[in-house]
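Q: just to be clear, the model below is a prediction. Sequence and coordinates:
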2 protein chains.
Amino acid sequence: MKTKLFYLSLLLIFCVGSIVLGQTFPENTIKADNCLPGKFYPRIYDDGRVIFQLLAPEANEVLADIVGTKFPMLKDENGLWSVTTDPIVEGFHYYAFIIDGARVSDPSTYTYFGASAVMSGIDIPAPDMKFYSDQNVPHGEVRARYYYSDIRKAIRRCFVYTPPNYDQNVNKKYPVLYLQHGWGEDETGWSTQGKMNFILDNLLSEGKIEPFIVVMDNGDISGLPFNVVNWDSAQSVTSTGKNKVEFQDLIIREIIPMIETNYRTIPDREHRAMAGLSWGGLQTFEIVFNNMDKFAYLGAFSGALRLRENVDITELYGGLLKHPEEINEKMKLIWMGTGTEEGNWSQSFRDKLTEMGVKNIIFYESENTAHEWLTWRRCLKEFAPMLFK
Amino acid sequence: MKTKLFYLSLLLIFCVGSIVLGQTFPENTIKADNCLPGKFYPRIYDDGRVIFQLLAPEANEVLADIVGTKFPMLKDENGLWSVTTDPIVEGFHYYAFIIDGARVSDPSTYTYFGASAVMSGIDIPAPDMKFYSDQNVPHGEVRARYYYSDIRKAIRRCFVYTPPNYDQNVNKKYPVLYLQHGWGEDETGWSTQGKMNFILDNLLSEGKIEPFIVVMDNGDISGLPFNVVNWDSAQSVTSTGKNKVEFQDLIIREIIPMIETNYRTIPDREHRAMAGLSWGGLQTFEIVFNNMDKFAYLGAFSGALRLRENVDITELYGGLLKHPEEINEKMKLIWMGTGTEEGNWSQSFRDKLTEMGVKNIIFYESENTAHEWLTWRRCLKEFAPMLFK
């Protein structure tokens, strides 16, 4: 009897599934690229409007909350709520459903760690999406590496991208890029939302970059580090708070040595870069400018570089900007990028640095993108070819 | 003004957070090990009861659905719903919240791919949990490898576990275990829910196993493969349906060659094993028994091995069981495991094989566990030391 029920229930699933398969979809729509197997929503119109759906038969109110706008959804007679949004700008956007006040992720799609939560995300295709798509080219690996941190007294995980044929070229040594995520994200960000491995695989296959290793660790800016924030300090929690000491120490004292022990690296400053997005960009300026003996390349992607009014920039980085010639002499690349739709914090920080005497800052603007992952994917694509030259 | 609002909103977050930090929790509870940063629920009593919480101010009904039981939750004056369940047996269990009819995952925890969906899961600590915990021992890597499948005409991803110091021992070659997930799961299962890397790291550090590589690919049994199921066939979709041809072909014609090209393997049957859980166990019997020239070791963890009444077992595996001596001669290990709380399908399949003349089947029972990941973690722990001896 139990066996029969088992098969009957499976048959039922398949029948329901077949009806789904037979359904038609609005013209000029494609399903989101992160739909779960057997799911067909959300769907994206070619003008960027998105159709969200959610089954919630007894709910009174359901909202789709995306890019700061809450779109009320409407229920049909089967309890299926749906809404078509206004056109949404190309790129990757976190979203959530709010069901009678409960903020939850979309049960139809894969999720991401962002905004200190497990979030839904939708990737509105960009005209240049090929550069971050998985193509039939040689692929590097993204390796989860677990290690014990004596500073944290815990097992930590980082992800390490090794380029194609790393294992075959056993005598080759590689430069290393330390690549950081943003506030509320974690070490998974760059290889999921960021698609960093596909970006580098594609650039490599086009001969636009030399192969290098990428290390993506956790910048310890997920969740709320309540006791480590000093908002009276300069521009960042990392500049005088406990967090600075710890994360800077972590990367300098533990992560770099761990990587150089376990991978075939070229262990000098001219083959070591650091970059980060948003808060990770702020961490990058702090850590690189405080450790120019360790890094010769710096990238800040939409770096969270807002100076507070009362901050004297010459007090930052151990007073480094009082001696800009030291930066000009040592740094082989200072690269900054930003989206055109996200304010001008990066520009004004660039201007401030220039005013202080820092030369040759490369500045990139991603057209039509905001403070989100398409900006940062493009930044990586533009930044990578300038490394280790 | 915008800047001030930015800092004020952050301050607000920190204040709210501090209140959370100051809150007290029920005695004899610990928070679940997969709570997001800054989250303190679900909590687990030492007798296995679980407290779930969800903020849903306007909802009429919220249920916590776990292990087949729906626990109604109660709302307090702040719109916070909560419930304390009955004691839940040790092990890993998927669960969901049902908010006014909408089935969603818990926004307080990391999620998992299972049951063909993004699911919440809770790990009730087992007395023997140390064997699958992350400890300060040498760690192997879990590598995401992307490759083009000519059969699927798509880029696929598999995960490859390489033991500690794989990169340092450049002249050493390793045996390989091909390890499959269950129906509705994917290639992420074994390294997240399964904790396979910690299990092997721990066994290695205790000297209980020799190092080997583990390959975890997608068995193509996520979602609903509508057109590939032939329920009139023998015991499984894999036995005569299109799925068999494809997945068996995939592993034999593409995955094994790809692995042996890219990793330092010992490429013979005596250094190649396959194992799988639930439906992956069924796939394992099918693939190994149809390809004994490729594999000498077989493991089935709660294998989905229910024989239908009208099936003649001697017709399976190309009629192999008409010649059990061939199995007895070639296979170095046939290992089966099951939980004591999940029925006796594995036992009856073992009995059937024995009746047909198959000898020396090793059979393991995990005490007090059902058809879930604690059973399969224990299976891996018991199975691994018997491999490649």
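A: Perfect, thanks for sending it.
Q: what comes up buried for stretch A:315-326?
A: When neighbours are counted by 16 or more other Cβ atoms under 10 Å in any protein chain shown, the buried residues of stretch A:315-326 are found to be A:Leu316, A:Tyr317, A:Leu320, A:Leu321, A:Pro324. (Glycine included, C-beta is placed from N, CA and C.)
Q: got it, and stretch A:359-372?
A: With the criterion 16+ other Cβ under 10 Å, stretch A:359-372 contains buried residues A:Ile361, A:Tyr364, A:Glu365, A:Ser366, A:Thr369, A:Ala370, A:His371, A:Glu372.
Q: now the second one, nearest residue through space, not along the chain?
A: The shortest distance from A:Tyr364 to any residue other than its chain neighbours is 4.0 Å, reached at A:Gly337 (Cβ to Cβ, 6 or more residues apart in numbering or on different chains).
Q: I figured that neighbour hits A:Leu305, correct?
A: No. With contacts defined as Cβ atoms under 8 Å, A:Gly337 does not count as touching A:Leu305, sitting 11.9 Å away.
Q: quick check: neighbours shared by these two?
A: Taking Cβ atoms under 8 Å, 6 or more residues apart in numbering or on different chains as the contact definition, A:Gly337 and A:Leu305 share the neighbouring residues A:Ser346.
Q: thinking again about what came up before, kindly reformat the buried residues of stretch A:315-326 as JSON lines containing pLDDT.
A: Compiled in JSON lines, the buried residues of stretch A:315-326 are given as follows (pLDDT from 0 to 100):
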{"residue": "A:Leu316", "pLDDT": "86"}
{"residue": "A:Tyr317", "pLDDT": "89"}
{"residue": "A:Leu320", "pLDDT": "94"}
{"residue": "A:Leu321", "pLDDT": "94"}
{"residue": "A:Pro324", "pLDDT": "97"}
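Q: quick one: A:Glu329 and A:Asn360, what's the gap?
A: As defined by Cβ to Cβ, to the nearest Å, A:Glu329 lies at a distance of 11 Å from A:Asn360.
Q: quick one on the thing from earlier: who has more neighbours, A:Gly337 and A:Leu305?
A: A:Gly337 (26 against 23; other Cβ atoms under 10 Å in any protein chain shown).
Q: quick one, grab the pLDDT at that one.
A: If you check A:Gly337, the pLDDT there is 98.
Q: who are the packing partners of the helix or strand hosting it?
A: With elements delineated by DSSP states H and E, A:Gly337 resides in strand A:333-339, which encompasses its position. Strand A:333-339 makes packing contacts with strand A:297-301, helix A:345-356, strand A:361-366, helix A:373-383 when contacts are defined by 3 or more Cβ pairs under 8 Å, 6 or more residues apart in numbering or on different chains; DSSP states H and E.
Q: can you list the ones you listed in CSV and add mean pLDDT?
A: As requested, these are arranged in CSV below (pLDDT from 0 to 100):
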stretch, mean pLDDT
strand A:297-301, 98
helix A:345-356, 93
strand A:361-366, 98
helix A:373-383, 98
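Q: now these in CSV, with distance to A:Phe92?
A: As requested, these are arranged in CSV below (distance: least, Cβ to Cβ, whole Å):
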stretch, distance to A:Phe92
strand A:297-301, 13
helix A:345-356, 19
strand A:361-366, 12
helix A:373-383, 4
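Q: right, so these: which one is the most enclosed?
A: Of all the helices and strands packed on strand A:333-339, strand A:297-301 has the most neighbours on average by mean count of other Cβ atoms under 10 Å in any protein chain shown, namely a mean of 29.
Q: and it, what does it pack onto?
A: If you count contacts as 3+ Cβ pairs under 8 Å, 6+ apart, strand A:297-301 packs onto strand A:272-277, helix A:279-290, strand A:333-339, helix A:373-383.
Q: got the phi/psi numbers for A:Ser324?
A: Small correction: residue A:324 is Pro, not Ser. Dihedral pair for A:Pro324: phi -60, psi -20, per degrees, to the nearest 10.
Q: excluding covalently adjacent residues, which one is nearest to it?
A: Counting by Cβ to Cβ, 6+ apart, the residue nearest A:Pro324 is A:Gly357, at 3.3 Å.
Q: give the contact list for the one you found.
A: With contact taken as Cβ under 8 Å, 6+ apart, A:Gly357 is in contact with A:Leu321, A:Pro324, A:Glu325, A:Asn328.
Q: ok, A:Gly182 - contacts?
A: A:Gly189, A:Ile221, A:Gly276, A:Leu277, A:Ser278, A:Trp279, A:Gly280, A:Ala304.
Q: now that we have the residues you listed, which one has the most neighbours?
A: Neighbour tally across the contacts of A:Gly182 (other Cβ under 10 Å): the maximum, 32 neighbours, falls on A:Leu277.
Q: touching, A:Tyr146 and B:His139? I think so.
A: Yes. Judged on Cβ under 8 Å, A:Tyr146 makes contact with B:His139 at a distance of 4.0 Å.
Q: domain-wise, how is chain A divided?
A: When chain A is parsed with automatic domain parsing, its domains come out as A:23-125, A:130-386.
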